[in-house]
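> Next input, structure requested:
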Amino acid sequence: MTFSNRVPRGIAVNALTQALAALRDRGVAIADLTTSNPTRAELPYPDDLLGPLAEPAGLRYDPDPLGLSSAREAIASDMARRGAHVAPDRVVLAASTSETYGWLFKLLCDPGDTVLVPRPSYPLFEHLARAEGVRAQSYDLRFHGRWDIDLASVDAAPPGTKALVVVSPNNPTGSYLSAVEADTLFAVCERRGWALVVDEVFADFPLEAESPVTDWASRAPVLTFSLGGASKSLGLPQVKLGWTVVGGPEQACREALGGLEYLADTYLSVSTPVQVAAPALLSRGAQVRRAIHDRVRENLSHARRLAAAYPACTLLPAEGGWTGVVRVPAVRSEESLVLKLLEDERVLVHPGYFFDFDHEAYLIVSLLPPPMVFQDAFERTLRFACRVS
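As a prediction, the model looks like this:
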């Protein structure tokens, strides 16, 4: 049987995953500094948080392709706490941010077209683009005290580019899109006829940024899509609810919403119970969001304190999000370092190359684990990285 080119040939399991599986098969305890699942991070969740999913109204199936009005109104209202003014009819619901990317790539691109995606960033865009028959080309983020967009790499986009993707704050660099960068990108998108896609799933978690600007679709002069979801904002990846705000010129928004309605109507993937529950989940989930925010800020504070004792390692600034980036001595490959760290210290971290850093050596750590676990594992990581130097 021959499958389409959307599915990679000969998908291989990387060495770190193989080593981790072997240890777990032997029952070896691992200190996991890669976790991105808040439901596994020993956070306090209200016992009745998911109660609204059992509302009787969820038994009635009367779908709206763009989402039930009650849910869209609740999401638009919730955005006001970040200072964004969003009309409910500009909100589109999906089952996840990944699904939203699929819809947007279908909406904006023909097969073979290109979307620009950041590097370094979460290693998902290439797979999402490939699944839609679209090419993902990277533009670079450069670190000069903070991570900035390398505009030369944006300008080098090939003909057939249809959209520019920004992640704000970026995962893993933690960098927010600045107002100066946004104005420049708006101008580039207007000149070249691109749409702007701003993934803001971590927007609720500022760390070292002062009053970061968010909800870019609500203030954009070009066709812009701002993405969010319950997975991060409410710490509920299992409820499968994402949303997109469509912004920009009125005519472009109307056409985009019409196209998204057509695509969403083809799938109707968002469950009725989660849409009915959305207003209550957004209200109750604020408690979980605060717990996550407190956790990552506490762990970042511990990381700064611990890193100060290991001057050969540098914990880079983290404006927002759930991750920390550590620059370590490049005396062996990242793969060798993380494998040896797992073998000797039973600590799991991600190497920078997983996120497409353009040179070595970086380690990526999650700020979600329980503080005692995080402090012990992070200090062992720093000590180990310095010892091999």
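> model confidence over the helix ranked longest in the chain, on average?
If you go by DSSP state H, the chain has its longest helix at helix 272-307. The pLDDT scores in helix 272-307 average 97.
> tell me what the very next helix or strand once past it is packed against?
Downstream of helix 272-307, the first helix or strand assigned by DSSP states H and E is strand 314-315. On a contact count with 3 or more CB pairs under 8 Å, 6 or more residues apart in numbering; DSSP states H and E, strand 314-315 meets helix 272-307, strand 323-327. (Glycine included, C-beta is placed from N, CA and C.)
> Quick one: closest of these to Phe125.
Nearest of the helices and strands packed on strand 314-315 to Phe125, taken as CB to CB: strand 323-327 at 16.8 Å.
> what are the ranges of the helices in this structure?
All helices of the chain, identified by DSSP H, fall at 15-25, 69-78, 97-108, 125-131, 151-155, 179-192, 230-233, 250-267, 272-307, 334-345, 371-387.
> Can you name every helix or strand that the third one contacts?
To tie it back to what came earlier, the one meant is helix 97-108. Where contact means 3+ CB pairs under 8 Å, 6+ apart, helix 97-108 is packed against strand 91-94, helix 125-131, strand 161-167, strand 195-199, strand 224-229, strand 242-247, helix 250-267.
> Reformat the ones you listed as CSV; add mean pLDDT, mean neighbour count and distance to Tyr101.
Shown next, in CSV, are these (pLDDT from 0 to 100; neighbours: other CB atoms under 10 Å; distance: least, CB to CB, whole Å):
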stretch, mean pLDDT, mean neighbour count, distance to Tyr101
strand 91-94, 98, 26, 9
helix 125-131, 95, 19, 5
strand 161-167, 98, 23, 8
strand 195-199, 98, 25, 8
strand 224-229, 98, 27, 8
strand 242-247, 98, 26, 10
helix 250-267, 98, 15, 12
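> and Gly27, which of those is closest to it?
Nearest to Gly27, of all those, is helix 125-131, at 32.0 Å by CB to CB.
> ok, so what distance separates Arg219 from Phe186?
Separation of Arg219 from Phe186 (CB to CB, to the nearest Å): 10 Å.
> picking that back up, possible to save the helices of the chain as JSON lines with distance to Val165?
Below are the helices of the chain laid out as JSON lines (distance: least, CB to CB, whole Å):
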{"stretch": "helix 15-25", "distance to Val165": "26"}
{"stretch": "helix 69-78", "distance to Val165": "21"}
{"stretch": "helix 97-108", "distance to Val165": "8"}
{"stretch": "helix 125-131", "distance to Val165": "7"}
{"stretch": "helix 151-155", "distance to Val165": "11"}
{"stretch": "helix 179-192", "distance to Val165": "11"}
{"stretch": "helix 230-233", "distance to Val165": "17"}
{"stretch": "helix 250-267", "distance to Val165": "16"}
{"stretch": "helix 272-307", "distance to Val165": "24"}
{"stretch": "helix 334-345", "distance to Val165": "25"}
{"stretch": "helix 371-387", "distance to Val165": "30"}
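> if we can go back for a sec, quick one, which of the helices and strands packed on helix 97-108 gets closest to Lys106.
helix 250-267 (5.7 Å).
> If I take that closest one and strand 242-247, what angle do their directions form?
Taking axes from the mean of the first three to the mean of the last three CA atoms, to 10 degrees, helix 250-267 and strand 242-247 form an angle of 160 degrees between their directions.
> Count the neighbours of the spatially closest residue to Leu368 that is not a sequence neighbour for me.
Nearest non-adjacent residue to Leu368, counting by CB to CB, 6 or more residues apart in numbering: Ala41, 4.4 Å away. Using other CB atoms under 10 Å, Ala41 has 22 other residues around it.
> Kindly report the same for Leu116.
Neighbours around Leu116, by other CB under 10 Å: 25.
> Please report the distance of it from Tyr310.
From Leu116 to Tyr310 the distance is 36 Å (CB to CB).
> same check, this time on Pro88
50 Å.
> Help me confirm that the residue nearest to Leu368 comes into contact with Asp294.
No - contact between Ala41 and Asp294 fails when scored by CB atoms under 8 Å: they sit 11.9 Å apart.
> Residue ranges in the chain under the pLDDT threshold?
388-389 (pLDDT under 70).
> Apply 90 and report the result again.
Applying pLDDT under 90 to the chain picks out residues 1-13, 123, 209-211, 331-332, 358, 387-389.
> roughly how far is the strand ranked longest in it from the heart of the chain?
For the chain, the strand that runs over the most residues, judged by DSSP state E, is strand 135-143. Distance of strand 135-143 from its chain centroid, counting by CA atoms, centre = their mean, to the nearest Å, is 15 Å.
> looking just at contacts, which helices and strands does that strand meet?
Secondary elements touching strand 135-143 (3+ CB pairs under 8 Å, 6+ apart): strand 114-119, helix 125-131, strand 147-149, helix 151-155.
> now for these, which one comes closest to Asn37?
Closest among the helices and strands packed on strand 135-143, using CB to CB: helix 125-131, at 19.0 Å.
> And for that closest one, what's in contact with it?
The list of residues contacting helix 125-131 from outside it, by CB atoms under 8 Å, 6 or more residues apart in numbering, reads Asn5, Arg6, Pro8, Ser98, Tyr101, Gly102, Phe105, Val115, Val117, Arg135, Ala136, Val165.
> Any idea how far it is from the middle of the chain?
With CA atoms, centre = their mean, you get 15 Å for helix 125-131.
> Export that helix to CSV, keeping only CA atoms.
The C-alpha atoms that make up helix 125-131 are tabulated as CSV, following Å, rounded to 0.1, in the frame of the first residue of the first chain:
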residue,chain,number,x,y,z
PHE,A,125,4.6,23.3,12.4
GLU,A,126,6.4,21.2,9.9
HIS,A,127,4.0,18.3,10.6
LEU,A,128,0.9,20.4,10.5
ALA,A,129,1.9,22.1,7.3
ARG,A,130,2.9,18.8,5.6
ALA,A,131,-0.5,17.3,6.6
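> From the chain's centroid, how far away is stretch 73-91?
Using CA atoms, centre = their mean, the offset of stretch 73-91 from its chain centre is 20 Å.
> how long is it end to end?
One end of stretch 73-91 to the other measures 8 Å (CA to CA, to the nearest Å).
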